[in-house]
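Trainee: Predicted model follows, preceded by the sequence.
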Amino acid sequence: MRCMTTCVVAAIALSMLGSSPAAGNLLVNPGFEDPITNDGPPFVGFWEGFQGGNAVSARGTDMPRNGEGHLALDISGDQTFAGAFQDVEGLSPGQLMNFSVWHKTLDDPFTLVSEVRIEWRKTGEPAEISRTDNLLTPPTLDYSQVSVVAPVPAGADTARVVYAIQSFTNDGLADIGTVYVDDVSLVVVPEPASLALIALGGVGLIASSRRRRVRLPAAG
């Protein structure tokens, strides 16, 4: 019986954790169901596209993972780039953040360089405080997920999440390629104490369920 109780508690905790990224996603328009902008600030609440040369950064509809939209990045030239970013304010130093992206390509092999990172900033100040190292995992032929996990540094309260592709450092390989990005999220990673509370909540649910199943003796 004790093993069964433990297993049910674990299942409840895992189920709640599995659903938390969607519920706690701090990004607006994470599935690119609405158009992105290319017109400068504000960057909070909007995806801002950027590109150079013959590159394109825009919302597309031909390769969604979910819904009807996705981000489409296309490069057809040397020494250029394309990407999109969004700012999220109101963060606290020390919070552990998880920036997650689903991406794919139809190019085999993929010869451009893809970059996933978080740039840390402070509201109202133009200078960047610091940034994570670029995650350089290339997209695959089917949608695959990549994540950057990092704490908010001292002095920062804003995360600028960035996904980009570029042809500056692809070792002279073909300077052409297209990437599709969808279902992007930025969430606060729960602390161990939060996980414990989730487990205790599961125990409470089980105990409550047991009490409801107890039959009272017949009157008289």
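Mentor: Now that the structure is in, tell me what you want to look at.

Trainee: Identify each buried residue in stretch 165-172, please.
Mentor: Buried residues in stretch 165-172, counted by 16 or more other CB atoms under 10 Å: Ile165, Gln166, Ser167, Asn170. C-beta here means a position set from N, CA and C on the backbone, and glycine is covered the same way.

Trainee: CSV please, covering the residues you listed and showing pLDDT and secondary structure.
Mentor: Converted to CSV, these look like this (pLDDT from 0 to 100; DSSP: H, G, I helix; E, B strand; the rest coil):
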residue, pLDDT, secondary structure
Ile165, 98, strand
Gln166, 97, strand
Ser167, 95, coil
Asn170, 90, coil
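
Trainee: Redo the residues you listed as TSV? Include distance to Ala55.
Mentor: Shown next, in TSV, are the buried residues of stretch 165-172 (distance: CB to CB, whole Å):
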residue	distance to Ala55
Ile165	8
Gln166	9
Ser167	8
Asn170	13
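
Trainee: Heading C-terminal from the helix or strand bottoming out on mean pLDDT in the chain, find the next helix or strand.
Mentor: The least trusted helix or strand in the chain, going by mean pLDDT, DSSP states H and E, turns out to be helix 2-23, with a mean of 42. Next helix or strand after helix 2-23 toward the C-terminus (DSSP states H and E): strand 48-51.

Trainee: What count of nearby residues applies to the nearest residue to Pro151 once chain neighbours are set aside?
Mentor: The shortest distance from Pro151 to any non-neighbouring residue, by CB to CB, 6 or more residues apart in numbering, is to Leu96 (5.1 Å). Neighbours of Leu96 under the rule other CB atoms under 10 Å: 13.

Trainee: Same question for Ser100.
Mentor: Residues lying near Ser100 (other CB under 10 Å) number 20.

Trainee: cool, and Thr132?
Mentor: Per other CB under 10 Å, the neighbour tally for Thr132 reads 19.

Trainee: for stretch 81-91, the distance to its chain's centre please.
Mentor: The chain centroid and the centroid of stretch 81-91 are separated by 11 Å, computed with CA atoms, centre = their mean, to the nearest Å.

Trainee: buried stuff in it?
Mentor: Phe81, Ala82, Gly83, Ala84, Phe85, Gln86, Asp87, Val88, Leu91.
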